[in-house]
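Enquirer: The sequence and its predicted three-dimensional model are supplied below.
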Amino acid sequence: MDTYDYIVVGAGSAGAALAARLTENPANKVLLIEAGKASHRWSRFPISFGLLIDDPVANWRFRSEPEPGTHNREIPVPRGKLLGGSSSINGLVYVRGQPLDYNTWAQMGARGWSWDDVAPVFNRMERYENDGDPTRGRSGPLRVSEVPDQNPLYDALFAAAQAAGFRRNPDYNGPDQEGIVKTQTTISNGRRMSTAHCYLEPAAGRPNLRIVTEALTHRVILEGKRCVGVAYEQGGQMIEARAGRDVILCSGAINTPQILELSGIGRPDVLGAHGIEVKHALAGVGENFRDHLNARIQWKITKSGVSFNERMRGLGSVGQVFRYLATRGGFFSLPSAPLLAFLKTRPELETPDVQMHLVPYAVKDPKKRKLHDFPGMTVACYQLRPESLGSIHIRSADPKAQPAIRFNFLADQIDKDAMVGGFRMMRKIVDAPPMDGLRGEEYSPGKGVSSDADILDWMRKNSETAYHPIGTCRMGPGPNCVVDDKLKVHGIEGLRCADASIFPTMPSGNTNAPSIMVGEKAADILKAAA
């Protein structure tokens, strides 16, 4: 059994950052275990968010359980299965969240995680390449830039949002998130800035870092109430490794609770149902699950040349390829949405409660990212801080079996009200006069869907997730939490979790940046404890 100081399970957004930071100290011997491959030929290209949405080589391809609240649909839940994890396949949208999010975490008992605590960590990790708030990080490993693409459709949408009463914001990752904005992305010079590229590549040559790929972790190894290592499978062989200090699970909000449950840590009823010995009862494992429910409205566009449905047709797609190769610009250089809006559905709110993604094309088949034949555009919306809680639990003692994912979307009235309000605001922006020369008919769902009941029913039948699962190993004190504010699993020595599973509540926006922040902060915690 090889021995290391630290074993990091999962080389995703948090795990890659954590392993890179720990190995800055040559005295730390670190093993980083990744279930997926080292890379994919498309992963450095921004367009990979569409190409890898259902690719089993790079994607876990999870699916949710059928639930009445979403018309018994199995909803796809893509998750990255490569070095860099979901940062290697995601939509490349960079959102820190609001100070309110992290102050709420601290207020709920996660001391040391307030905005004043985490803002310096965001600054340290990012290298922001555009003008913005002077406090933004400029020298970190993670390159972040504003979308450079120009399009008359963007100009019209900015004008329409302002005509509808919403302001333009020069830096939504600065002190105030509210407004319509150009998207900040983990893209630099037309290439994806994953944690595999920004953190692991510079660290890969360090003699104190060992990275193993295509290695599925089955369980952590416990001696009484102390974690001493992990057991993983690679090439059909079971291998055990020992940690002198800590094992840190960084496998994400789906895989981290699964590993805990397979190890005998979790709810006794869940473990017992699958014949797993209860080694440590912990009621919060797999609970407190949240994700963003994403509703997309599509319009036809009447102005020629502004929609990528038209620009990508026929030889146009060849032209976009050559444009990307020559300039690193055009369709293949874009994130999932070049424009965003963070807005309040009610005037009495202190901060925005919905996020919109404004996209210069319309997709016919979301699974394959196939574009419609007509020129179109899409505006998507989700509630920033959903209250509806679901769960993720094993459905088998087999580590290769996917867990049962239950969203429980739209169970809370706050969520219903926010989503309906956001839906109406999407229409309000696109119906504003500055869009008159571009806007065609509303293709989906169509103007016939107008009452609150009809809007909610359409969402239940058609909406999917924004791919932001969080919360299943919630941080905080008390019986329903899994880790404390030092990321230690309650009641177990030598075992911590550090990824989106520990979020007590949903950050206000895309979750990749907060996940990387957790990896960075976990490194600080471990260095202080050494």
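Expert: Yep, it's here. From a predicted model like this one, the values you see are computed outputs, not experimental measurements.
Enquirer: For the stretch 51-200 of the chain, which segments are assigned as strands?
Expert: Secondary structure of the stretch 51-200 of the chain (DSSP state E, counting those that start in this stretch): strands at 62-63, 76-77, 126-128, 142-146, 179-182, 184-185, 187-188, 191-192.
Enquirer: Give me whichever of the ones you listed is most buried.
Expert: Counting by mean count of other C-beta atoms under 10 Å, strand 184-185 has the highest mean neighbour count of the strands of the stretch 51-200 of the chain, with a mean of 26. C-betas here are computed from N, CA, C, even on glycine.
Enquirer: Does that one pack against any helices or strands, and if so which?
Expert: Judged by 3 or more C-beta pairs under 8 Å, 6 or more residues apart in numbering; DSSP states H and E, strand 184-185 is in contact with strand 142-146.
Enquirer: Give the pairing partners of the strand it packs on; include direction for each.
Expert: Neighbouring strands of strand 142-146 in its sheet, by DSSP bridges, are strand 126-128 (parallel), strand 184-185 (antiparallel).
Enquirer: Could you take those and lay them out as TSV, with extra columns for distance to residue 118 and mean pLDDT?
Expert: As requested, those are arranged in TSV below (distance: least, C-beta to C-beta, whole Å; pLDDT from 0 to 100):
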stretch	distance to residue 118	mean pLDDT
strand 126-128	12	98
strand 184-185	17	98
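Enquirer: how about TSV for these, with distance to residue 390 added?
Expert: Below are those laid out as TSV (distance: least, C-beta to C-beta, whole Å):
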stretch	distance to residue 390
strand 126-128	31
strand 184-185	29
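Enquirer: so where is the stretch 1-150 of the chain shaky, pLDDT-wise?
Expert: By pLDDT under 70, the stretch 1-150 of the chain has no low-scoring segment.
Enquirer: contacting residues for residue 43?
Expert: Contact partners of residue 43, counting by C-beta atoms under 8 Å, 6 or more residues apart in numbering, are 52, 58, 82, 84, 88-89, 192, 194, 196.
Enquirer: Need the residues that contact stretch 454-461.
Expert: By C-beta under 8 Å, 6+ apart, stretch 454-461 touches 69-71, 73, 293, 295, 409-410, 416, 419-420, 423-424, 445, 448-449.
Enquirer: any idea which of those is the one closest to residue 509?
Expert: Nearest to residue 509, judged by C-beta to C-beta, of those is residue 293 at 14.4 Å.
Enquirer: quick one on the thing from earlier: among the strands paired with strand 142-146, which is nearest residue 506?
Expert: With C-beta to C-beta as the criterion, residue 506 lies closest to strand 184-185 of those, at 19.2 Å.
Enquirer: Next, work out how far apart the nearest residue to residue 59 once chain neighbours are set aside and residue 149 are.
Expert: Excluding its sequence neighbours, the residue lying closest to residue 59 (C-beta to C-beta, 6 or more residues apart in numbering) is residue 78, at 5.1 Å. Relative to residue 149, residue 78 is positioned 24 Å away (C-beta to C-beta, to the nearest Å).
Enquirer: out of these two, which sits in the more crowded spot?
Expert: The neighbour comparison of residue 78 against residue 149 (other C-beta atoms under 10 Å) goes to residue 78, with 22 against 17.
Enquirer: what sits against the more buried one?
Expert: Taking C-beta under 8 Å, 6+ apart, one finds 52-54, 59-62, 86, 89, 467 in contact with residue 78.
Enquirer: By neighbours, which of these wins?
Expert: Highest neighbour count within the contacts of residue 78, by other C-beta under 10 Å: residue 89, with 28 neighbours.
Enquirer: Quick check: it touching residue 82?
Expert: Yes - Residue 89 is in contact with residue 82 according to C-beta atoms under 8 Å; the separation is 7.1 Å.
Enquirer: between these two, what contacts are shared?
Expert: Common neighbours of residue 89 and residue 82 are listed as 40, 43, 58 (criterion: C-beta under 8 Å, 6+ apart).
Enquirer: so who does the last one touch?
Expert: Listed by C-beta under 8 Å, 6+ apart, the contact partners of residue 58 are 36-37, 40, 42-43, 52, 80-82, 88-89.
Enquirer: longest single strand anywhere in the protein?
Expert: strand 237-249 (DSSP state E).
Enquirer: so what strands line up beside it?
Expert: Its sheet considered, strand 237-249 pairs with strand 2-9 (parallel), strand 226-234 (antiparallel), strand 495-497 (parallel) by DSSP bridges.
Enquirer: Most tightly packed of these?
Expert: Here the criterion is mean neighbour count by mean count of other C-beta under 10 Å, and of the strands paired with strand 237-249 the winner is strand 495-497, at a mean of 28.
Enquirer: any idea of the mean pLDDT for that strand?
Expert: Mean pLDDT, strand 495-497: 99.
Enquirer: Could you tell me the angle between the helix or strand following it and strand 237-249?
Expert: Using DSSP states H and E, the helix or strand that follows strand 495-497 towards the C-terminus is helix 512-529. Interaxial angle, helix 512-529 versus strand 237-249 (axes from the mean of the first three to the mean of the last three C-alpha atoms, to 10 degrees): 90 degrees.
Enquirer: Next up, the contacts around the nearest residue to residue 331 once chain neighbours are set aside.
Expert: Residue nearest to residue 331 in three dimensions, not counting chain neighbours: residue 320, with 4.5 Å by C-beta to C-beta, 6+ apart. Counting by C-beta under 8 Å, 6+ apart, residue 320 touches 311-312, 330-332.
Enquirer: three-state assignment of residue 320?
Expert: Per DSSP: H, G, I helix; E, B strand; the rest coil, the secondary structure class of residue 320 is helix.
Enquirer: Look up how far residue 98 lies from residue 119.
Expert: The value you get for residue 119 to residue 98, if C-beta to C-beta is used, is 11 Å.
Enquirer: no wait, residue 422
Expert: For residue 422, the distance to residue 98 (C-beta to C-beta) stands at 16 Å.
Enquirer: which strands and helices sit next to the helix-or-strand element of the chain with minimal mean pLDDT?
Expert: Sorting the helices and strands of the chain by mean pLDDT, DSSP states H and E puts strand 363-365 at the bottom, at a mean of 85. Applying 3+ C-beta pairs under 8 Å, 6+ apart, we find strand 363-365 packed against strand 370-371.
Enquirer: Quick one: residues in contact with the strand it packs on.
Expert: The contact list for strand 370-371, computed with C-beta under 8 Å, 6+ apart, reads 308-309, 312, 361-364.
Enquirer: Now the contacts of residue 320 in CSV, please, with extra columns for pLDDT, distance to residue 102 and secondary structure.
Expert: Shown next, in CSV, are the contacts of residue 320 (pLDDT from 0 to 100; distance: C-beta to C-beta, whole Å; DSSP: H, G, I helix; E, B strand; the rest coil):
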residue, pLDDT, distance to residue 102, secondary structure
311, 94, 40, helix
312, 93, 40, coil
330, 95, 37, coil
331, 95, 35, helix
332, 95, 35, helix
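Enquirer: how about the residues you listed in TSV, adding distance to residue 212 and neighbour count?
Expert: What follows is those, written out as TSV (distance: C-beta to C-beta, whole Å; neighbours: other C-beta atoms under 10 Å):
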residue	distance to residue 212	neighbour count
311	43	20
312	40	17
330	38	21
331	36	21
332	32	20
